[in-house]
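Undergrad: build the 3D model from these lines:
(one chain, ligands or ions: 1)
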Amino acid sequence: MFWEVVRYTPGLFALDLVLQLFRSGIPLIPGLIVREVLNELSDGSSVDGAVDTAVWLLLAFLVGAVLARLTALLFCVAVDETCEARGQGLLVRNGFSRILAAPGAQRPRHARGDLVSRLTGDSRSVSQVVVYTFMVIGAGFQAALALVVMFSIDPLVTLVVCVPMAAGGVLITIASVRIRKYHAQSREAAGDVSAFLGEMYNSVRTIQLGNAQSRVLGRFRELNESRRRRTLKSRLFTDVFLGSVWTNTSTLATGVVLVLAAQGFGSGRFTVGDLALFVVYVGWTSDFTALFSQNLALFKQSAASVKRLTDAVPGPPDELVAHRVPDVPEPERVALSRLSVTGLTHRFDGGGGVSEVDFEVARGEFVVITGRVGAGKTTLLRTVLGLLPRQAGTVTWNGTEVDELVPPLTAYTPQLPHLTSETVRDNILEGLPADRRHLDLAVHSAVLERDLSALDDGLDTLLGPKGAKLSGGQAQRVAAARMFARDPELLVFDDVSSALDVDTERQLWERLFARAGVTCLAVSHRRAAFERASRIVVLRAGRVHAVGTLADLLAGDAEMRHLWQADTRQSAMAQE
Ligand SMILES: Nc1ncnc2c1ncn2[C@@H]1O[C@H](COP(=O)(O)OP(=O)(O)OP(=O)(O)O)[C@@H](O)[C@H]1O
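TA: Here you go, the predicted structure:
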């Protein structure tokens, strides 16, 4: 993953590397100058004028080096941030496209808020460690140069400098299980908070109606407190405890080195310049040690983040860092002659669902699925469409087995359609390039024109969160217009008339069947639909109880008569 993130923007990372090396290499020069000048001063051979020139030269070099380093630092920050954002963007884009490309039956395994937290926070953790590694390479280059120079002066003392570096590595390796565990717990707690936030925003009305504001906020505080504690624990362990251990180890080593160097100075092995150079260079090696150890810890943390990402995103892990996102192929339009459902089964854990269902829909037919509450109508439609896994049975389109039914083969209006906060037009088209005539036709078929003229901006009216500006019936018809705009081979409705008055429903079916060659599969318990049906499939306890025309079923099936009379009573009550 690390290398794929680098290879995604190789030019930027190469620039980053050059800048890091440049930034790290520059400060070595003043160290060497200081050493030379001090050595010259201490051997007493220089005359006054020479000293002045040397000091001024030294100052000029120092200022130049500082300015050059500052400039390099500014560029480093800009390039680092860009690299990090590009790396994170790659993971977010791939993660999201994998979620979108997964079959409808594979719902995301995590709550939406948690998914957002994983896609943003955890992918940032991963891209951060890549960028941080480049900083460590820069610091390592600086430390290596410093070590070479110091080694040429005093090999033994230089070896002592390496001790904290090794100690840091050992320490992080020993603590790695805990680093990963605490980081995973802290990210999990952040995910819980985001997931709960998402639920809260989705359920504002329910919370208000239940007068549950204070209880919900209490739970939110609890989750936030848990996040605070877990994040603090992770930070305390990694940044504070381990950080202070390795910083103090390297500071201690610095002290030891300086004492040894000072002894060397006393015995004449070290010059004043050597001592000054050691003071400066040892600081850099200990900076590198701290960075190196921190980066090791970040690596361990990012392993936990990678796991959280791969758990949440379907498909093989390496696709998370794929450079090209494969296009989701749109199914070819194949004119429907016959849809056949054979032995279809989907059982929920609780026992509900449908079993061994057989039925057919031929081109131009209107097949209605009906049954009592909980008979399995919605489950059947969703399993036919491939939105629920098929545990047994097949669905064939003109004899060819299909896993999923989506536009342009089918379009589906669920019982509770999902609308977004965008305009009516955007909700209908959802990015589809459609001309005005096409859109007007969809609006007309969905009996929406009167509702639209009552809205302030007609098709351009913003609907608010989840289409809040619309009534249940209007929302169902906007979703139906979305379906018509796709002009599919087979229209699938789940109880679309449940929130419609009798007249609007009658108009909807009239307009629909005025169009030539319409094929429709609908869940309904309404007379208006029964009367138009080519065939009715009656479900009972998840199984096909009877199939036939309305006349046949009313004559020979008690269950159908019960459903017919139930709707007669409901319609009479609604009219009263
Ligand atoms: N996600 C689920 N998990 C577990 N059981 C479920 C789930 N969805 C539905 N069921 C159960 O499966 C059975 C069929 O439900 P389904 O929604 O398909 O019925 P329906 O005929 O469409 O009902 P309605 O007329 O109320 O829409 C019911 O017993 C229901 O409780």
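Undergrad: which strands and helices sit next to the host helix or strand of Leu70?
TA: Here Leu70 sits within helix 48-101, counting by DSSP states H and E. With contacts taken as 3 or more C-beta pairs under 8 Å, 6 or more residues apart in numbering; DSSP states H and E, helix 48-101 sits against helix 2-8, helix 10-25, helix 28-42, helix 123-153, helix 272-312. C-beta here means a position set from N, CA and C on the backbone, and glycine is covered the same way.
Undergrad: flag every residue of this structure that's near the ligand.
TA: Residues of the chain lying close to the ligand (C-beta under 6 Å from any ligand atom) are 348, 350, 352-353, 371, 373-379.
Undergrad: in strands, which of those fall?
TA: 353, 371 (DSSP state E).
Undergrad: can you say which of the residues of the chain next to the ligand are buried?
TA: Neighbour counting with 16 or more other C-beta atoms under 10 Å marks 353, 371, 375-379 as buried within these.
Undergrad: distance of the residue in the chain that the ligand sits nearest to from Leu388?
TA: As assessed by C-beta to the nearest ligand atom, the ligand sits closest to Gly352 within the chain, at 2.3 Å. Separation of Gly352 from Leu388 (C-beta to C-beta, to the nearest Å): 12 Å.
Undergrad: mutual contacts of the two, please.
TA: Residues within reach of Gly352 and of Leu388 at once, by C-beta atoms under 8 Å, 6 or more residues apart in numbering, are Thr379.
Undergrad: can you list contacts of the host helix or strand of Val384?
TA: Per DSSP H and E, Val384 falls inside helix 377-385. With C-beta under 8 Å, 6+ apart as the contact definition, helix 377-385 has outside contacts at 104, 341, 344-346, 348, 352-354, 357, 369-371, 388-390, 395, 404-406, 410, 412, 414-415, 492, 494-495, 521, 523, 539, 542.
Undergrad: among the residues you listed, which are in strands?
TA: Among the contacts of helix 377-385, the members found in strands (DSSP E) are 341, 344-346, 353-354, 357, 369-371, 395, 410, 412, 492, 494, 521, 523, 539.
Undergrad: buried subset of those, written for PyMOL?
TA: The PyMOL command for the buried members of the ones in strands among the contacts of helix 377-385 (criterion: 16+ other C-beta under 10 Å) is given here:
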select buried, resi 341+344+345+346+353+354+357+369+370+371+395+410+412+492+494+521+523+539
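Undergrad: settle this for me: Ala546 is touching Met560, isn't it.
TA: Yes. Ala546 is in contact with Met560 according to C-beta atoms under 8 Å; the separation is 6.5 Å.
Undergrad: domains of this structure?
TA: The record's domain parsing of the chain by automatic domain parsing lists 2-317, 338-575.
Undergrad: reformat those domains as JSON lines; add mean pLDDT.
TA: Listed next are those as JSON lines, based on pLDDT from 0 to 100:
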{"stretch": "domain 2-317", "mean pLDDT": "84"}
{"stretch": "domain 338-575", "mean pLDDT": "89"}
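Undergrad: mind putting those in a markdown table, distance to His323 included?
TA: Shown next, in a markdown table, are the domains of the chain (distance: least, C-beta to C-beta, whole Å):
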| stretch | distance to His323 |
| --- | --- |
| domain 2-317 | 6 |
| domain 338-575 | 24 |
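Undergrad: report the spatially closest residue to Val163, excluding sequence-adjacent ones.
TA: Closest residue to Val163 apart from its sequence neighbours, by C-beta to C-beta, 6 or more residues apart in numbering: Ala253 at 5.5 Å.
Undergrad: dump the residue contacts of Val341.
TA: So Val341 contacts 357-360, 384, 393-395 (C-beta under 8 Å, 6+ apart).
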